[in-house]
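K.L.:
Have a look; sequence and predicted model below, questions after that.
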Amino acid sequence: MAEYTFREIEKKWQAYWEKNQTFLAKVNPDKPKFYTLDMFPYPSGAGLHVGHPLGYIASDIVARFKTLKGFNVLHPMGYDSFGLPAEQYAIQTGQHPAITTEQNIKRYTEQLKNIGFAFDWSKEVRTSNPDYYKWTQWIFMQLFNSYYDQDADKALSIDSLISRFEKEGNKNVKAVCDDETPTFTAEQWNAYSEKEKQEMLLKYRLTFLAETTVNWCAALGTVLSNDEVKDGFSERGGHPVERKKMMQWSMRITAYADRLLKGLEKVDWSEPIKEMQRNWIGKSIGAEVIFQVKDSNETIKVFTTRVDTIYGVTYLALAPESDLAASLITEDQRETAEAYIEVAKNRSERERMSDVKTISGAFTGSYAINPFNGEEIQIWVADYVLAGYGTGAVMAVPAHDERDYNFAKHFGLEIRQVIEGSMEEGSFPGKGGLIINSGFISNLYMKDAMTKAIEFLEEKGIGKGKIQYRMRDAIFTRQRYWGEPLPVYFKEGLPYLIEEKDLPLVLPEVDKYLPTEDGEPPLARAKDWNYKTADGEFPLERSTMPGWAGSSWYFFRYTDPKNESELADKGTTDYWGAVDLYIGGSEHATGHLLYSRFWTKFLYDIGVVSIDEPFQKMINQGMIQGRSNFVYRVFPRISASSGDSQPKLPQVFVTKSTRDKIIEGVISEEEVKEITSVVNDKFKKLNPGMEFNPMVGPVKLSEMHVDVNIVYNDQLNLEKFKAWRPDLADAEFILEDGKYICGSEVEKMSKSKYNVVNPDDIIERYGADTLRLYEMFLGPLEQFKPWNTNGIDGVFKFLRKLWNLYHTQAGEFQVSDAEPSKDEYKALHKAIKKMEEDMANFSFNTSVSSFMICVNELSSVKSNKRKILEPLAILVSPYAPHISEELWSLLGHETSITEATFPAFDESYLKESAFEYPVMINGKMRAKLNLDLSLSKEEIEKAALADETVQKWLDGKAPKKMIVVPGKIVNVVI
RNA sequence: GCCGGGAUGGUGGAAUAGGUAGACACGCAAGACUUAAAAUCUUGUGACCUCACGGUCGUGCGGGUUCGAUUCCCGCUCCUGGUACCA
């Protein structure tokens, strides 16, 4: 007697897959490849909850489906194992992060294996493994040894730059470099000292050391990137973040801004994600204009996207941080202006952001000259100007820019209109409008006016057309322990790379994971953290790499994870190419996904890989939210004269509907009496002999989270509840129909809300196949949805029904070799068709439904035909691989079902000769008419008109109009 | 503010080249089997009116296009994600 014993079946096949290396991916040029990838997890101490595997299940289904379709599939998994939580834990406990990380990984792997993923575990990578981060360091070295050549529009080696400098200086070199890089000749270059040369090269390298204003988080003792800061607080932990100047390594990602933007056109991602990246890159086309300061040698450079409005400029505004601003302050303005700068500078980013409405600024006392009309305009300091964007200075055109307008209004500055239109409702951008009052660009439209103005600027050498990006260079150092060390040492204060043969530069041991007393990063605690060269011993860099370093290239390492001589074999990465399907959360839209694209483009430039976009198709799965359950405790309002001892208060709980009645004030007096008497009786029992004033109405309640794992379909398991916490051991319940129904709410899944559901528990109760099916059945992959176990019985029942198709009522395996009926074929092929369509659209939930329909139909005719059940097992196998393998082997196969071929869809089984026409009267369905599909329009019309219901509605009159769509519908208009 | 995504029964959701709204599942109700429970099976289940036949309303709200609108257009409301003085 063989029941569906999922526990045995699942263990058996998981062991089989492991032993037979079923999912081992090998390069095979004879087969088309398919690379499907999940964003690898950070192995946290809490383990997996049901939300994590959602995307993995989806990609696993695709992987298994593609295998059945004859593709050579790579489906790897690994760990993003450097990170803050392990370090935080290490600080608290003194335990080495490597140890906790190892433990967490072990647990994650176990949990993942329980779900039956078709992962090729031999490809596993861990970013914190020296074998891995050796290559992260190696990539860093290549970046250090490269610069971005704008003529070639790619990264080139720094050596080639040096030889150009030696021959011709930097005058004709078009490269991405620091703003203040001076021009020099070959003679000057050759005369530079070694130190001067290195300093100059640092201005060109793709990773470089520079003083930058950073987001310093004192509580975490580290620098955070912009996307790790939310509203002035750290994303992790919510600690305050301040702006601070520090020497930091940066990555010149801005060099790739335009290619990162253009590359988006080539990839198949959702529009919102692409849009987020476009906004993040923030390309603006405009011009740089130089304003001369009156009676001074100083000039002010501004960036504007609207040179066409240059005749409308009535003042200039500088960022408070600007050094120039301070120097322009005149004696008579000194007091107010300096005070303003002091206040504005010290206002934290957070204050400035939350306080957008307040307009503030100060006049410096100096004037600038508008190069177009020679007009003198005031120079102001204003905190609406950001130091970090463009030149940190703006030319203000109050008539056509809202912020300038508000500022001018507030300080009574001139507002001069230069575009045709009405100023009644304040400023207007007037894009495309006719330019007026603007000298030689008057009577032109925006585009032409801009072209002409730029020509003028370039002719006079007082500006040029310019493209500005919002994106900043990415800071690449963290003052942290648990990250990749940078392969850099310092000689005379200048950075040099260690030799490649000394890679990996292994993370040293330290006594504590905290910064040193004088604020140095934890690596400063390491003994002998120096680099030995022929010239002596030099200190190594003490900062480590940020979290995104290791995750920016792991998809290449998966193809060849054990390679010791290169980051991956070129032939292998060429074979696997770009990731065909990447599944992960949309929260990585501007971090990981941008950095990965950047590094891929760089690796492409230096010839290490052959693709320049890593992720061809991406799907962003929606987060699974928690669904909390609540119980409602009656507030026992009893006063007792207890003497010394505290009275024991009764724990009495009422159900959701009683609570609702109490809240709405519609509870009956009898119910109140019942509740109070239960409370009073309980009190008496708990405190025998004690005198007390019994509780009377009205009833007050307090709400309490209850562990969702002891609630089933919102019904509380009373025994488990009593055992949950000692104080609840003699809880009393006022039930309805013998049940305690809890309240519920959707919240974030978190321990403190007792709503975390562990996949292990679901697997224990229903099996991994049920979990997989159910996660997919929950709804569209991309949608955010709460986890709710309420419907899980349905898919579990489905699997049992599926099992029963292959078994007699007595539980014996039995299939028939008889020829299936037309209906049986039809049921199967409907499901095949649907599955093919759904896989193309990544619509996993609807496939599960179609399996259910198919099995229901086959069950109702008690089908047990091999010709139906064999393909059915294959069809279901990507979703429910364990049961399918078992059925497949029962069907007599000796190899894994993964080696089967996906059943071919045959349209002819779905062909119908007749169709049940819905007959509508004025667009409302009134009758049904079963007609042959070969009938002509006229014949259908005739049949419809003859119908009794139609006759009734017509009531003897002729229809105004008849719409007949063969095979679809009949509509009679009356 | 700006840029995305969304709103369908008691619940999760299905259906878009415009063509039977509510597939599939949960829950609920009734019944069968059972000493009983569980499990399983059968039937019903959007709301309202009606004994019934049947009818009216119904896909966030208000309009429009159409023989016909969950689907297209215009105007709103609410929820949700991103972003935030980017010149």
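P.N.:
On my side now, so go ahead. Numbers count the residues shown, from 1 in each chain, chains lettered A, B, ... in the order given.
K.L.:
what's the burial count for the closest residue to residue A:610 other than its chain neighbours?
P.N.:
For residue A:610, the nearest residue in space outside its immediate sequence neighbours is residue A:574; the separation is 5.1 Å by C-beta to C-beta, 6 or more residues apart in numbering. Where you see a C-beta, it was placed from the backbone N, CA and C, and this is true even at glycine. Neighbours of residue A:574 under the rule other C-beta atoms under 10 Å: 14.
K.L.:
SS state for residue A:885?
P.N.:
What DSSP: H, G, I helix; E, B strand; the rest coil gives for residue A:885 is helix.
K.L.:
Repeat that for residue A:368.
P.N.:
When the structure is split into helix, strand and coil by three-state DSSP, residue A:368 lands in strand.
K.L.:
Quick check: the gap between it and RNA strand B.
P.N.:
With the distance defined as C-beta to the nearest atom of the strand, to the nearest Å, residue A:368 ends up 15 Å from RNA strand B.
K.L.:
what does residue A:419 give?
P.N.:
Residue A:419 is 14 Å from RNA strand B, where distance means C-beta to the nearest atom of the strand.
K.L.:
could you list every residue that touches that residue?
P.N.:
With contact set as C-beta atoms under 8 Å, 6 or more residues apart in numbering, residue A:419 has these partners: A:308-309, A:312, A:399-400, A:428, A:430, A:433-436.
K.L.:
now do residue A:535
P.N.:
For residue A:535, the set of contacting residues under the criterion of C-beta under 8 Å, 6+ apart consists of residue A:491.
K.L.:
Just list whatever residues bridge to residue A:924.
P.N.:
Beta-bridge partners recorded for residue A:924 (DSSP bridges): residue A:921.
K.L.:
From RNA strand B, how far off is it?
P.N.:
Distance from residue A:924 to RNA strand B, counting by C-beta to the nearest atom of the strand: 6 Å.
K.L.:
what's whatever residue of the stretch 651-800 of chain A ends up closest to RNA strand B in contact with, if anything?
P.N.:
Of all residues in the stretch 651-800 of chain A, residue A:794 sits closest to RNA strand B, with a separation of 2.3 Å (C-beta to the nearest atom of the strand). With C-beta under 8 Å, 6+ apart as the criterion, the residues that contact residue A:794 are A:777, A:852.
K.L.:
Apply 7 Å and report the result again.
P.N.:
Applying C-beta atoms under 7 Å, 6 or more residues apart in numbering, one finds that residue A:794 lies in contact with no residue.
K.L.:
which residues make contact with the longest helix along chain A from outside it?
P.N.:
As assigned by DSSP state H, the longest helix anywhere in chain A is helix A:822-841. Contact partners of helix A:822-841, identified using C-beta under 7 Å, 6+ apart, comprise A:62, A:65, A:844, A:846-847, A:850-851, A:854, A:857-858, A:861, A:863, A:865, A:868, A:871-872, A:875, A:903, A:905-906, A:909-910.
K.L.:
8 Å - rerun?
P.N.:
Residues external to helix A:822-841 that are found in contact with it (C-beta under 8 Å, 6+ apart): A:61-62, A:65, A:820, A:843-844, A:846-847, A:850-851, A:853-854, A:857-858, A:861, A:863, A:865, A:868, A:871-872, A:875, A:903-907, A:909-910.
K.L.:
Quick check on these: which are buried?
P.N.:
Among the contacts of helix A:822-841, those buried by neighbour count (16 or more other C-beta atoms under 10 Å) are A:61-62, A:65, A:820, A:844, A:846-847, A:850-851, A:854, A:857-858, A:863, A:865, A:868, A:871-872, A:875, A:903, A:905, A:909.
K.L.:
which of the residues you listed are close to RNA strand B?
P.N.:
Among the buried ones among the contacts of helix A:822-841, the ones lying close to RNA strand B by the criterion of C-beta under 7 Å from any atom of the strand are residue A:846.
K.L.:
Can you tell me which of the buried ones among the contacts of helix A:822-841 end up in helices?
P.N.:
Secondary structure from DSSP H places A:61-62, A:65, A:844, A:846-847, A:850-851, A:854, A:857-858, A:868, A:871-872, A:875 of those in helices.
K.L.:
so how far is residue A:281 from the residue of the stretch 451-600 of chain A found nearest RNA strand B?
P.N.:
Among the residues of the stretch 451-600 of chain A, residue A:470 lies nearest to RNA strand B; the distance is 3.6 Å by C-beta to the nearest atom of the strand. In this structure, residue A:470 and residue A:281 are 7 Å apart, going by C-beta to C-beta, to the nearest Å.
K.L.:
more crowded one of those two?
P.N.:
residue A:281 (20 against 15).
K.L.:
my read: that one touches residue A:260, true?
P.N.:
Yes - under the criterion of C-beta atoms under 8 Å, residue A:281 lies in contact with residue A:260, with a separation of 6.0 Å.
K.L.:
got a list of what the nearest residue to residue A:742 once chain neighbours are set aside touches?
P.N.:
Excluding its sequence neighbours, the residue lying closest to residue A:742 (C-beta to C-beta, 6+ apart) is residue A:629, at 4.2 Å. Listed by C-beta under 8 Å, 6+ apart, the contact set of residue A:629 reads A:705-708, A:711, A:714, A:716, A:742-744, A:754-755.
K.L.:
Which of the residues you listed fall within strands?
P.N.:
A:705-706, A:711, A:716, A:743-744 (DSSP state E).
K.L.:
farthest pair in those?
P.N.:
Looking at those by C-beta to C-beta, the two members farthest from one another are A:705 and A:716, with 12.4 Å of separation.
K.L.:
of the two, who's got more company?
P.N.:
Comparing residue A:705 with residue A:716 by neighbour count (other C-beta under 10 Å), the higher total belongs to residue A:716, at 22 against 16.
K.L.:
Now the phi/psi pair for the closest residue to residue A:558 other than its chain neighbours, please.
P.N.:
Taking C-beta to C-beta, 6+ apart, and ignoring the residues beside it in sequence, residue A:558 has residue A:76 as its nearest neighbour in space, at 4.1 Å. In this entry, residue A:76 is assigned phi and psi values of phi -100, psi 170 (degrees, to the nearest 10).
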